[in-house]
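>>> sequence and predicted model, in that order:
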Amino acid sequence: MIGKRVFISGGAGVIGRALVEKLLTLGADVFVGDIKAKPEHWGLDVKYRQGDLNYITPEEVVTFNPDYFFHLAATFERSVESYDFWDENYLHNMRLSHHLMDCLKNSPNLKKVVFASSYLIYNPELYTFPVSAESALRLKETDVIYPRNLCGAAKLLHEVELRFLQHFNKNRYETVSARIFRVYGKSSKDVISRWIRSLLKGEKLTVYNKEGLFDYIFADQVAEGLLRLAQSGAQGIVNLGNDNARRVSDVLKVLRKHFPDMQWDEMESNDPFEASQANMDLFFEHTGWKPEVQLEEAIPQIIEHERKAAESSLPTEVERNVLVTSISKKIPLLNSLKKAICKLGDNRKIIGADVNPSCIGAYFVDKFWEMPRLSNLSIEDFVDYCKRNSINIVIPTRDGELAYFSEHQQLLLENEIYVMVSSPSSVEACLDKLKFYNELSKQGFPVIPTVDDISSINAVSYVVKERFGAGSKSIGIQLDGESATKHAKSLSSPIFQPFVQGREISVDLYIDKLGMVKGCVARERTYVVDGESQITETIRNQALEELCSNLAERLQLYGHVVMQVIIDSKGFFHIIECNSRFGGASSLSLEVGLDSFYWLILESSGYDLKDYPFLRLDVEKKLVRYSADVYF
């Protein structure tokens with residue numbers, strides 16, 4: 001495995017953690033995707049992608065270009081599943097497995113797929129009985145199948161999907177599905193680990209069907225078995241168990257050796273008695289190995305692990321929500337934020353705020369706040385609202401509020417409220433178009449000439465706009481000198497720029513908290529109404545992207561910003577302005593890989609964005625904005 005690239009879904013789980021350690025010892029290059037946070041003891045040698053893998057893109061996986069794929073991510077309940085498991089099973093078993101292989105099926109370097117399947121695929125009539133059995137049935141790979149529950153059915157479906165893919169890719173990669181039996185391990189949700197945690201708290205156990213026979217296999221041994229399957233020539237279906245069924249009463253006897261005062265209540269159950277065991281002959285034929293660790297050796301390890309975990313007093317996870325201000329009718333922004341939250345896989349809610357209680361955006365958030373005007377809202381009252389509603393991220397969306405949040409950014413941060421806004425000096429430089437020109441033109445940037453006295457510049461025609469705030473507000477375009485002077489009288493603080501004919505380009509950027517540009521996407525505004533793009537499409541222009549990135553870093557901006565540029569007929573750039581917030585059509589840039597809201601949430605949670613690269617799509621996309629009806 002030295003130098004081999006290995007992608008593991010669900011790698012922070014009980015089997016995955018053991019597998020990662022083994023792979024690192026063997027010198028593999030490991031990339032883990034999991035909805036859980038990265039284990040603290042994993043260093044930079046483990047590439048990590050936290051979030052719901054239903055939202056991972058083919059680019060994220062194919063860029064890593066794995067040699068091996070271990071698919072461990074899954075969701076489980078007890079053998080008898082609850083009604084609520086209907087949706088969970090579809091999303092995190094059926095849909096997820098299909099999506100991950102859809103991302104990987106054409107990966108150029110893929111050699112082997114190892115799928116963590118389940119013995120729940122076998123017909124339960126083979127190994128369950130109305131009374132306790134004398135011995136367990138050694139289930140073999142050719143036994144009759146009839147999935148015991150939804151999870152088992154999802155596992156079977158993906159086994160068939162892998163068989164389908166291998167039929168068309170048999171000369172490229174192999175697939176093997178390990179039908180795993182009863183896993184137990186450290187920090188697991190299995191019954192043995194749950195009992196140990198209860199016993200450490202001095203709690204009484206609840207026991208059902210203690211004469212049941214199960215093939216318990218230690219998670220570390222599962223990891224070893226999966227690794228051996230990956231390195232062998234095994235394909236298709238292979239059992240992975242201990243091949244040594246033990247009664248529930250045996251588990252209790254082992255636990256009593258470590259907890260002599262333990263007590264339990266035996267409860268009646270309508271569930272049948274299980275008596276199952278893995279026939280490991282085929283596995284041994286492929287690998288020459290069988291699991292060696294038994295309950296007597298593994299349980300002391302779990303007790304020690306759980307005791308240390310209990311002593312560490314890990315902080316309880318608290319609710320975290322996002323506040324978006326001035327939501328108005330910014331539905332694309334809200335939808336993009338929702339997608340980022342889903343991608344991260346957590347349950348935070350979006351709270352939308354606006355001074356207008358009838359705004360359209362109120363129908364697209366989890367909770368609406370009729371927010372007072374900032375002139376009537378003290379920062380103390382704002383902090384109080386955020387704390388009462390568990391808000392730790394604020395996304396301002398209107399030019400007129402950027403200065404307010406920028407001014408109080410440090411106070412908000414001290415109250416654990418993270419705002420996507422630049423520093424006061426950076427915000428001022430973007431809001432004041434005259435200052436923007438004066439500062440950046442001196443530094444050699446091709447900013448379009450901007451003056452507050454029309455006699456200071458000589459042009460065939462002019463653009464007249466407000467000096468502060470949104471450039472599209474009350475703008476006059478391609479006016480002669482007399483008309484420009486007349487139009488200026490209707491503005492509060494007019495400034496004048498020469499009109500330049502050319503292609504209108506918006507450049508979206510995300511600048512991280514270290515002041516470095518994380519990603520940059522240029523898009524051409526092909527149809528604009530009232531300053532907002534109605535039709536826009538992404539383009540590639542490396543020189544322009546580098547120019548805007550340099551400018552953003554020079555201005556020491558933070559978060560998502562948008563620069564407006566004209567490219568004239570000779571290909572020269574004319575920088576018009578910079579909006580230090582998310583733009584009206586910025587959602588298009590997110591579609592091709594500029595993951596601004598996902599990065600924002602990660603940074604606010606203390607993650608290093610080095611683990612989350614900017615992966616721009618190779619194809620270009622076009623956005624067409626139109627009115628739509630939504631029914632509630």
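Cool, got the structure.

>>> the lengthiest helix in the chain packs against which elements?
In the chain, assigned by DSSP state H, the helix with the most residues is helix 150-169. Here helix 150-169 touches helix 85-89, helix 96-104, strand 112-118, strand 174-180, going by 3 or more CB pairs under 8 Å, 6 or more residues apart in numbering; DSSP states H and E. C-beta coordinates here come from the backbone N, C-alpha and C atoms, glycine included.

>>> report the distance from the longest one to the chain centre.
By that I understand helix 96-104. Helix 96-104 sits 16 Å away from the centroid of its parent chain (CA atoms, centre = their mean, to the nearest Å).

>>> residue ranges with poor pLDDT in the protein?
Counting by pLDDT under 70, the chain has low-confidence residues at 313-317, 470-473, 531.

>>> domain-wise, how is this protein divided?
For the chain, the structural domains run 5-128+137-185+216-243+277-293, 321-421, 432-448+500-624, going by automatic domain parsing.

>>> any chance of a markdown table for these, columns distance to N209?
Compiled in a markdown table, those are given as follows (distance: least, CB to CB, whole Å):
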| stretch | distance to N209 |
| --- | --- |
| domain 5-128+137-185+216-243+277-293 | 10 |
| domain 321-421 | 35 |
| domain 432-448+500-624 | 43 |
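
>>> now those in JSON lines, with distance to V630 and mean neighbour count?
Putting these into JSON lines (distance: least, CB to CB, whole Å; neighbours: other CB atoms under 10 Å) gives the following:
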{"stretch": "domain 5-128+137-185+216-243+277-293", "distance to V630": "22", "mean neighbour count": "19"}
{"stretch": "domain 321-421", "distance to V630": "7", "mean neighbour count": "18"}
{"stretch": "domain 432-448+500-624", "distance to V630": "17", "mean neighbour count": "19"}
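
>>> quick check: K622 touching T536?
Yes: counting by CB atoms under 8 Å, K622 touches T536, with 7.2 Å between them.

>>> now do the shared contacts for the two.
L588 (CB atoms under 8 Å, 6 or more residues apart in numbering).

>>> contacts only, for E81.
N89, N149, L150, C151 are the contacts of E81 under CB under 8 Å, 6+ apart.

>>> and which of these is nearest F76?
Nearest to F76 among the contacts of E81 is C151, at 5.8 Å by CB to CB.

>>> run through the residues that contact that closest one.
A74, T75, F76, E77, E81, F85, N89, N93, S118, L120.

>>> what's the farthest-apart pair in those residues?
F85 and S118 (14.5 Å).

>>> mind jotting down where the helices sit in the stretch 451-600 of the chain?
481-488, 542-554, 587-591, 596-604 (DSSP state H, counting those that start in this stretch).

>>> out of the ones you listed, which is closest to L282?
Comparing the helices of the stretch 451-600 of the chain by CB to CB, helix 596-604 comes nearest, at 43.0 Å.

>>> list the helices and strands that closest one packs on?
By 3+ CB pairs under 8 Å, 6+ apart, helix 596-604 packs against helix 331-344, strand 391-395, strand 418-419, strand 503-511, strand 559-567, helix 587-591.

>>> chain center to it, what's the gap?
With CA atoms, centre = their mean, you get 10 Å for helix 596-604.

>>> got the angle for it vs strand 559-567?
Using axes from the mean of the first three to the mean of the last three CA atoms, to 10 degrees, one finds that helix 596-604 and strand 559-567 are set 140 degrees apart in direction.

>>> beyond helix 596-604, next helix or strand please.
Remark: after helix 596-604, the chain's next helix or strand is strand 622-624, criterion DSSP states H and E.

>>> helices or strands up against that following strand?
strand 532-539, helix 587-591.

>>> so what does the lengthiest strand in the chain touch, helix or strand wise?
In terms of residue count, the longest strand belonging to the chain (DSSP state E) is strand 517-529. Here strand 517-529 touches strand 503-511, strand 532-539, helix 542-554, helix 587-591, going by 3+ CB pairs under 8 Å, 6+ apart.

>>> check the offset of the first one from the chain's centre.
Taking CA atoms, centre = their mean, the mean C-alpha location of strand 503-511 is offset from the chain mean by 24 Å.

>>> partner strands of it, with direction?
strand 517-529 (antiparallel), strand 559-567 (antiparallel) (DSSP bridges).

>>> quick one: the ones you listed as CSV, columns for distance to G606 too.
What follows is the strands paired with strand 503-511, written out as CSV (distance: least, CB to CB, whole Å):
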stretch, distance to G606
strand 517-529, 16
strand 559-567, 16
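
>>> quick one: which of the helices of the stretch 451-600 of the chain is nearest P39?
helix 596-604 (16.3 Å).

>>> just the strands in the stretch 251-400 of the chain please.
Here the stretch 251-400 of the chain has its strands, by DSSP state E, counting those that start in this stretch, at 264-267, 273-274, 276-278, 321-324, 350-354, 367-370, 391-395.

>>> can you add distance to S474 and give these back as TSV?
Shown next, in TSV, are the strands of the stretch 251-400 of the chain (distance: least, CB to CB, whole Å):
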stretch	distance to S474
strand 264-267	75
strand 273-274	75
strand 276-278	75
strand 321-324	26
strand 350-354	22
strand 367-370	27
strand 391-395	26
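
>>> closest to L19 out of those?
So among the strands of the stretch 251-400 of the chain, strand 276-278 is nearest, using CB to CB, at 18.9 Å.

>>> nearest to I566, of the helices and strands packed on helix 150-169?
Judging the helices and strands packed on helix 150-169 by CB to CB, what sits closest to I566 is helix 96-104, at 38.6 Å.

>>> and the angle from that closest one to strand 112-118?
If you take the same axes, to 10 degrees, helix 96-104 sits at 180 degrees to strand 112-118.

>>> end to end on stretch 180-200, go ahead and measure it.
Stretch 180-200 has its terminal residues 28 Å apart, counting by CA to CA, to the nearest Å.

>>> list the buried residues of it.
Neighbour-count burial for stretch 180-200, counted by 16 or more other CB atoms under 10 Å, picks out 180-188, 190-193, 195-199.

>>> mind listing which of these are in strands?
Counted as lying in strands by DSSP E, out of the buried residues of stretch 180-200, are I180, R182, V183, Y184.

>>> in the sheet, who's paired with the second one?
In this structure, R182 has beta-bridge partners Y216, where bridges are defined by DSSP bridges.

>>> mind checking how far it is from Y127?
Distance, R182 to Y127, by CB to CB, to the nearest Å: 12 Å.

>>> now the helices for the stretch 301-450 of the chain?
331-344, 379-388, 399-407, 409-414, 424-431, 433-442.

>>> tell me which other helices or strands the second one touches.
Pointing back at helix 379-388 there. If contacts are counted by 3+ CB pairs under 8 Å, 6+ apart, helix 379-388 sits against strand 391-395, helix 409-414.

>>> among the ones you listed, which is nearest V176?
Of those, the one closest to V176 (CB to CB) turns out to be strand 391-395, at 42.7 Å.

>>> just checking: what are the partner strands of the closest one?
Counting by DSSP bridges, the strands paired with strand 391-395 are strand 321-324 (parallel), strand 418-419 (parallel).

>>> can you report phi and psi for V32?
Phi and psi for V32, reported as degrees, to the nearest 10, are phi -110, psi 140.

>>> meant to ask about D84
The phi/psi pair for D84 (degrees, to the nearest 10) reads phi -70, psi -10.

>>> now do it against Y90, distance only.
Taken as CB to CB, the span from D84 to Y90 is 12 Å.

>>> can you check N347 too?
Counting by CB to CB, the gap from N347 to Y90 is 18 Å.

>>> go on, S586?
To Y90, S586 is 32 Å away according to CB to CB.

>>> do I303 as well
Look at I303 and Y90: by CB to CB, they are 37 Å apart.

>>> rewinding a little: dump the helices of the stretch 301-450 of the chain to TSV, plus distance to Q294.
Shown next, in TSV, are the helices of the stretch 301-450 of the chain (distance: least, CB to CB, whole Å):
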stretch	distance to Q294
helix 331-344	40
helix 379-388	52
helix 399-407	60
helix 409-414	52
helix 424-431	63
helix 433-442	71
